[in-house]
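>>> Build me a model from this:
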Amino acid sequence: MNIRSLTRGDGVVIGAAVVLFIASFLDLASIDCPSGIDCSDYGTNAWDSLGLLMSMFLAGVIGAALVVVGRALPGRKVAGLDLGQFGVAFCVFALWTAFWTIIDMPSDAGAGMILGLLAAIVLAAGAIAAPLVPALKAPLMGAPRPQVPGPYGGQPQGGYGYPGAQGQPYGTQGGQPPQGGYGYPGAPQPQGASQAGQPGAPADAGQAPQGGATPAPASGGDFSPFWFAVPVARPLYPEDGSPTPLAELAPGTWYLAVEQRGSGLIAQTQDGRRGVLQDTTGIQRG
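Next up is the predicted model:
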């Protein structure tokens, strides 16, 4: 799983699950120990009560794991429900158990029970609100510079389309800046370069799009690989036309467009998977 695909909501869910797991080792009830008596052996935690451990503490941890896995692997279903929906149900069940358990305790609640209830509240709230609140849908980490080699064996440092590169054309050797030669975007074109029989670009060709712009995809043989990022999470479908997404492109991560397919793009993820990005509106080119 690509950690940079996690959102802030996922971070809230993971953090609450860690706190909930730690709380399971703390005392469930507070004991008034008489002076001069060692009461350390009388304390109990969730691991001494299997029913409470499974229905509150481990249920919340399992729910958090399902929420995060369902977010990273969209389309995975169990009994017709997404993994994320199962995870939300587990998180809400953990909160329900924690609330009624602490209400029904015969003695004062201990640190483990109080901390567990607070963690369960944050966990359930984060699992429900993560896909709904825009602030929680933002990437947990910023967009990095892609560190994977291109599909044609080129190095990412200074390669064509690499975000921040100087726009050197595909095929230029890494480490060698473009010389402003014939065909380089933005360089002066020789007179008559577009005459019949010569491979030059048309004389009225525009300047190359600057980084951050949203150009229309090139077509046919004019396409060149480039790095891009999506403004919101978008599914990546298999090249064979299957309706089930094979991955989800997350904002804040750079992906490589290697080919054009109609109005969409053939994109390659950082783990090497390739598929069709059908919705290319608003993408940011590197």
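>>> buried stuff in the longest helix along the chain?
For the chain, the helix with the greatest residue count under DSSP state H is helix 83-103. Of all the residues in helix 83-103, those buried under the rule 16 or more other C-beta atoms under 10 Å are 83-88, 90-95, 97-98, 101-102. (Glycine included, C-beta is placed from N, CA and C.)
>>> Repeat that for stretch 253-264.
253-258, 260, 264.
>>> Give the closest residue to residue 261 in space, chain neighbours not counted.
Excluding the flanking residues, the one nearest residue 261 by C-beta to C-beta, 6 or more residues apart in numbering is residue 276, at 5.4 Å.
>>> quick one, phi psi at residue 245?
Dihedral pair for residue 245: phi -60, psi 140, per degrees, to the nearest 10.
>>> Count the residues that sit near it.
When neighbours are defined as other C-beta atoms under 10 Å, residue 245 has 17 of them.
>>> helices and strands of this structure: which one bottoms out on pLDDT?
When each helix and strand of the chain is scored by mean pLDDT, DSSP states H and E, strand 77-78 comes last, with a mean of 76.
>>> which outside residues touch that strand?
83, 86 (C-beta atoms under 8 Å, 6 or more residues apart in numbering).
>>> Listing partners with orientation, what would you give for it?
strand 81-82 (antiparallel) (DSSP bridges).
>>> Specify which member of the buried residues of stretch 253-264 is nearest to residue 14.
Nearest to residue 14 out of those is residue 253 (C-beta to C-beta; 18.3 Å).
>>> ok, that closest one touching residue 229?
Yes: with contact defined as C-beta atoms under 8 Å, residue 253 reaches residue 229; the gap is 6.6 Å.
>>> All good on my end, thank you.
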